[in-house]
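Visitor: only the shape, not the letters, is given here:
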């Protein structure tokens, strides 16, 4: 490494980012990421926490320049970014990465807001998305020991930096301004894991998106901060806390290859915590092989890694159910299709669900690696006649290396959007995203309009 600090090197990478530097294979992938996020955001916009946040925002007042995805209302750039980040994460349906974080909801809302305020082309959007993701991916590599469910929620830590980087590109910040942007953003990094399964968890991503955008906007105007935030012992290291921060990994081989190329990105089939995707796929595989009479089930044994906050025997709400190995396994048994409605509060309290949850035992096996790249689960159903049905899932379909097909993603888009926006708008949204690299600023704004009611 040169005599330059990590913060300097990273800021220069962001400052020099150009569309032609992107691996060509990332352009179609980035469009699928955007389409997936827009669909999930549109669906999430109908949830109660978003309604609450819109009420608070309206009470606060302010300009109405930027669109709220899935809604007819508008808000200020910062508050629209915040609300769209919440909408994008509230269902826990957005993409996942390894090492674990949600890179979309802390980044894309800032890009959308800036696209309605400045002349930003489709190529600009793609560039900002890819580099915003790259910063988050590199920061996660530099925190290899940060365990799931421990300390702070990762999108709140790395997401704000991704938003700052993406916003810096779209605002044409200098390298020095980007250093300040990172310094400002670091003082806004937070998110407590204890709020997993509550409405507040989604604000971690919304706040990261908003704070990163705000940091870039302030830096552009001359606001200062610690210029070497990734190098100072009381800088980003203080956020990471007890875990080692290997800062040299942030810039080592930066964008060579991009983290979106290696390892790739994971798309969710179900609106729940990523570890539960394994559990649901295992149950779905059993149902495809066997005709299971629910009344004849004696007990259900689930074997999974030790991830404490996904051990919820009897979740009280749909949001909590998204973080329950037990509930997701049972709802996969009960429902023909696990979807958004499976995690509405009435679904959690169905008598058949309650009955099967009482028959369900979770074994958290410490021999199973507690990370999404190496974990696996086994579901064993003991029937009253003494027979056993068993299924193991080593990786859910949609994981990095096994992406959803465009047909599968289109089905997900329809599932998310058909009750919110018209079919005409859905088709227009898909077409606009698929042609994004050819879009000028007007076409980008038309895309955003397709995502509103």
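Guide: Arrived safely, thanks for sending. What you see is a predicted model, and the numbers here were worked out from it, not measured in a lab. Residues are numbered from 1 along each chain as shown.

Visitor: the helices in the stretch 351-453 of the chain, which residues?
Guide: Applying DSSP state H, counting those that start in this stretch to the stretch 351-453 of the chain gives helices spanning 351-358, 406-417, 423-434, 441-450.

Visitor: how far off centre is the first one?
Guide: So the one you mean is helix 351-358. Offset of helix 351-358 from its chain centre (Cα atoms, centre = their mean, to the nearest Å): 30 Å.

Visitor: mind listing what's buried in that helix?
Guide: 353, 356, 357 (16 or more other Cβ atoms under 10 Å). Every C-beta, even on glycine, is put in place using the N, C-alpha and C of the backbone.

Visitor: what's the answer for the second one, then?
Guide: Of the residues in helix 406-417, those buried by neighbour count under the rule 16+ other Cβ under 10 Å are 409, 412, 413, 415, 416, 417.

Visitor: average model confidence for that helix?
Guide: For helix 406-417, mean pLDDT is 96.

Visitor: if we can go back for a sec, now render the buried residues of helix 406-417 as a markdown table, adding distance to residue 22.
Guide: Compiled in a markdown table, the buried residues of helix 406-417 are given as follows (distance: Cβ to Cβ, whole Å):
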| residue | distance to residue 22 |
| --- | --- |
| 409 | 21 |
| 412 | 25 |
| 413 | 24 |
| 415 | 30 |
| 416 | 27 |
| 417 | 28 |
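
Visitor: correct me if wrong: residue 25 contacts residue 262.
Guide: No: if you go by Cβ atoms under 8 Å, residue 25 and residue 262 don't touch, sitting 10.9 Å apart.

Visitor: helices and strands of the chain: which one has the lowest mean pLDDT?
Guide: Using mean pLDDT, DSSP states H and E, helix 236-240 stands out as the lowest-scoring helix or strand of the chain, at a mean of 86.

Visitor: who touches it?
Guide: By Cβ atoms under 8 Å, 6 or more residues apart in numbering, the residues outside helix 236-240 that reach it are 143, 146, 151, 152, 157, 186, 189, 229, 230, 245, 247.

Visitor: and the strands in the stretch 251-400 of the chain?
Guide: Counting by DSSP state E, counting those that start in this stretch, the stretch 251-400 of the chain has strands at residues 297-305, 360-365, 377-383, 388-393.

Visitor: and the stretch 1-150 of the chain, by the same measure?
Guide: Counting by DSSP E, counting those that start in this stretch, the strands of the stretch 1-150 of the chain are 66-67, 74-75.

Visitor: and those as a markdown table, adding distance to residue 328 and mean neighbour count?
Guide: Listed next are the strands of the stretch 1-150 of the chain as a markdown table, based on distance: least, Cβ to Cβ, whole Å; neighbours: other Cβ atoms under 10 Å:
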| stretch | distance to residue 328 | mean neighbour count |
| --- | --- | --- |
| strand 66-67 | 33 | 22 |
| strand 74-75 | 34 | 20 |
